[in-house]
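Student: Starting from these lines, generate the structure:
(one chain, ligands or ions: 1)
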Amino acid sequence: MKNRLVVVGTQWGDEGKGKITDYYACNADVVVRYQGGNNAGHTITFDGQRFALQSIPSGIFKPNIKNVMANGMVVNPVSVVSELEALENRGIKDYKLYISNRAAMVMPYHSVLDGAMEAMKGGKLIGTTKKGIGPTYADKYDRIGLRMGDLLDPEYFAMRLRDALTEKNMILRMLGMEEMTFDAIYTQYMALADRLGKYICDTSVLINEEIAKGSKVLFEGAQGVMLCIDHGTYPYVTSSSPTAASVPQNTGIAPRYIDNVLGVCKAYTTRVGEGPFPTELDGDIANYIRERGHEYGTVTGRPRRVGWLDLVVLNHARRVSGLDYLSLMLFDVLSGLDTVKICVAYELDGKRIDIMPSTIPQFQRCKPVYVELPGWKEDITDVKSFNELPEAAKNYIRKIEELTGIKVAVMSVGPDRLQTVTLHDIF
Ligand code: IMP
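Tutor: Numbering: from 1, shown residues only. As a prediction, the model looks like this:
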């Protein structure tokens with residue numbers, strides 16, 4: 001059994017990382033969110049209640065777990081406060097939260113500019129969540145961003161805000177949009193500092209101390225490898241890297257501490273926003289899967305695009321993120337289909353390939369090569385072990401293991417915590 005587990009999405013996000021992180025969180029001492037911000041939507045269901053978290057780590061429901069929002073995140077303090085209020089209103093009051101003083105801070109102009117930049121792209125939308133994620137990361141790398149720790153030093157915060165506003169108001173003027181005033185933002189953010197200040201600290205020190213003590217640490221990714229700024233379907237990606245490789249940099253720990261990586265993978269594929277998607281389906285099967293899987297965005301409510309499982313994508317995620325195990329999610333959704341397909345390669349301009357092309361035009365020309373397997377009709381939502389599955393469902397899992405070389409450690413057969421079947425103990 002290993003002590004540090006990274007949970008990473010292997011597709012285009014929404015694979016069910018929230019549920020699986022919550023499942024393993026029972027054994028964790030620390031849960032760390034390492035990238036992204038409130039563009040993510042992690043849904044967790046237990047005791048008949050459904051919670052949707054955006055930026056708060058999934059261990060928040062357990063009073064003994066230390067929940068860390070690490071330096072690689074972009075933190076929107078307004079969103080954090082409203083998430084905390086929503087949790088507190090539902091009785092989750094006893095929690096431990098730590099926010100990195102080095103995490104980039106989302107400012108009011110970021111979401112305004114996110115929307116404006118998207119609108120300027122005309123027909124070539126990225127389809128962002130308009131939460132200001134891209135503009136906040138851009139400011140971080142442009143070195144004009146503000147960080148969560150700045151909230152603790154009002155004078156420094158004021159100076160950084162004035163500098164940023166000089167630039168942002170110039171851009172807003174150029175776009176013919178309303179400028180933002182220093183006073184309004186300063187007052188709003190100082191009130192947020194009063195509320196959140198007690199959580200802001202050096203989280204790298206905290207995580208390293210926990211590792212030194214032998215604590216069990218769960219690193220929770222948002223989005224998925226295909227939305228990675230480096231390894232995803234650029235430019236139809238988010239602005240951070242969800243891969244396990246990004247964890248050390250995004251949390252301030254040594255790479256050698258990552259000793260186990262779990263790739264979370266839906267039994268099929270979904271995607272929100274624009275960009276190529278070789279196994280995309282439309283018509284009856286797509287509708288069947290979308291309705292059974294409730295495939296509508298947690299953050300934006302948009303219907304998700306739906307397709308068959310794509311092993312070119314999964315093997316890409318395995319390679320760039322180093323997956324030790326898989327967690328197969330929403331497996332019950334596929335029950336009732338006559339046959340199920342798995343994409344094992346692409347055909348690109350008449351040639352069979354099994355790696356993902358790097359450019360969008362090539363990726364768009366890729367035609368999926370499928371293996372087709374018998375489906376199963378049985379309801380599997382009450383299944384408690386691999387052996388209870390219908391033979392066709394077992395074969396579907398075996399095929400994935402055979403074609404990726406990765407063992408399925410856990411599978412999910414329904415939204416509830418209890419509808420989770422362990423095949424191998426990993427954490
Ligand atoms: P952004 O992260 O808001 O900049 O959006 C960039 C792309 O990532 C868009 O296609 C979004 O739909 C997608 N995206 C961002 N976060 C998530 C997520 O948590 N799940 C699925 N897609 C996401």
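
Student: For the ligand, what is the nearest residue in the stretch 1-150 of the chain?
Tutor: Residue nearest to the ligand within the stretch 1-150 of the chain (CB to the nearest ligand atom): G13, separated by 2.7 Å. Every C-beta, even on glycine, is put in place using the N, C-alpha and C of the backbone.

Student: The residue nearest to F46 when sequence neighbours are not counted: how many residues sit nearby?
Tutor: The shortest distance from F46 to any non-neighbouring residue, by CB to CB, 6 or more residues apart in numbering, is to R417 (4.4 Å). R417: 16 surrounding residues under other CB atoms under 10 Å.

Student: What helix or strand is E402 located in?
Tutor: Following DSSP states H and E, one finds E402 within helix 391-404.

Student: need the residues of the stretch 151-300 of the chain near the ligand, please.
Tutor: A222, Q223, L227, Y236, T238, S239, V272, G273 (CB under 6 Å from any ligand atom).

Student: Now for whatever residue of the stretch 251-400 of the chain ends up closest to the ligand: which residues touch it?
Tutor: Using CB to the nearest ligand atom, the single residue of the stretch 251-400 of the chain nearest to the ligand is G273, 2.2 Å away. Residues near G273 by CB atoms under 8 Å, 6 or more residues apart in numbering: L125, I126, G127, T128, Y236.

Student: among those residues, which are in helices?
Tutor: Of the contacts of G273, none are assigned to helices by DSSP state H.

Student: Drop anything exposed from those residues.
Tutor: Buried by 16 or more other CB atoms under 10 Å: I126, T128, Y236, out of those.

Student: Show me the strands in the stretch 151-300 of the chain, by range?
Tutor: With DSSP state E, counting those that start in this stretch as the criterion, the stretch 151-300 of the chain has strands at 200-201, 217-220, 260-266, 269-271.

Student: can you check the stretch 1-150 of the chain too?
Tutor: 4-9, 30-33, 42-46, 49-53, 66-69, 74-75, 96-100, 104-105.

Student: Compare the ones you listed and say which comes out lowest on pLDDT.
Tutor: Looking at the strands of the stretch 1-150 of the chain, the lowest mean pLDDT belongs to strand 42-46 (a mean of 85).

Student: Poorly predicted segments of this protein, please.
Tutor: Filtered on pLDDT under 70, the chain yields no residues whatsoever.

Student: The lengthiest strand in it vs helix 391-404, what angle?
Tutor: Using DSSP state E, we find that the single longest strand of the chain is strand 339-348. Orientation note: strand 339-348 sits at an angle of 20 degrees relative to helix 391-404 (axes from the mean of the first three to the mean of the last three CA atoms, to 10 degrees).

Student: other SSEs contacting the helix or strand that comes right after the helix holding E402?
Tutor: Downstream of helix 391-404, the first helix or strand assigned by DSSP H and E is strand 407-412. Judged by 3 or more CB pairs under 8 Å, 6 or more residues apart in numbering; DSSP states H and E, the packing partners of strand 407-412 are helix 17-25, strand 325-329, helix 391-404, strand 420-422.

Student: neighbouring contacts of strand 407-412?
Tutor: With CB under 8 Å, 6+ apart as the criterion, strand 407-412 contacts 16, 19-20, 23, 262, 325-332, 386, 397, 400-401, 419-426.

Student: now the angle from it to strand 260-266?
Tutor: Angle, strand 407-412 to strand 260-266, by the same axes, to 10 degrees: 50 degrees.

Student: what comes up buried for strand 407-412?
Tutor: Within strand 407-412, the residues scored as buried using 16+ other CB under 10 Å are V408, A409, V410, M411, S412.

Student: Can you tell me the centre-most residue of this structure?
Tutor: Residue closest to the mean C-alpha point of the chain, counted by CA atoms, centre = their mean, is A222 at 1.8 Å.

Student: N38 is in contact with that one, correct?
Tutor: No. Checked against CB atoms under 8 Å, the pair A222 and N38 is beyond contact range at 9.5 Å.

Student: Need the residues touching each of these two.
Tutor: If you check A222 and N38 against CB under 8 Å, 6+ apart, no residue is contacted by both.

Student: tell me the helices in the stretch 201-350 of the chain, going along the chain?
Tutor: In the stretch 201-350 of the chain, the segments counted as helices under DSSP state H, counting those that start in this stretch are 203-213, 247-251, 284-292, 311-321.

Student: Include mean neighbour count when you put those into CSV, please.
Tutor: CSV is the format used below for the helices of the stretch 201-350 of the chain (neighbours: other CB atoms under 10 Å):
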stretch, mean neighbour count
helix 203-213, 16
helix 247-251, 22
helix 284-292, 16
helix 311-321, 22
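
Student: Let me have those in JSON lines, extended by distance to Y370.
Tutor: Shown next, in JSON lines, are these (distance: least, CB to CB, whole Å):
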{"stretch": "helix 203-213", "distance to Y370": "43"}
{"stretch": "helix 247-251", "distance to Y370": "34"}
{"stretch": "helix 284-292", "distance to Y370": "13"}
{"stretch": "helix 311-321", "distance to Y370": "10"}
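
Student: So V8 sits against A244, correct?
Tutor: Yes. Using CB under 8 Å, V8 makes contact with A244 at a distance of 5.4 Å.

Student: Please compare the two by neighbour count and tell me which comes out ahead.
Tutor: V8 (31 against 27).
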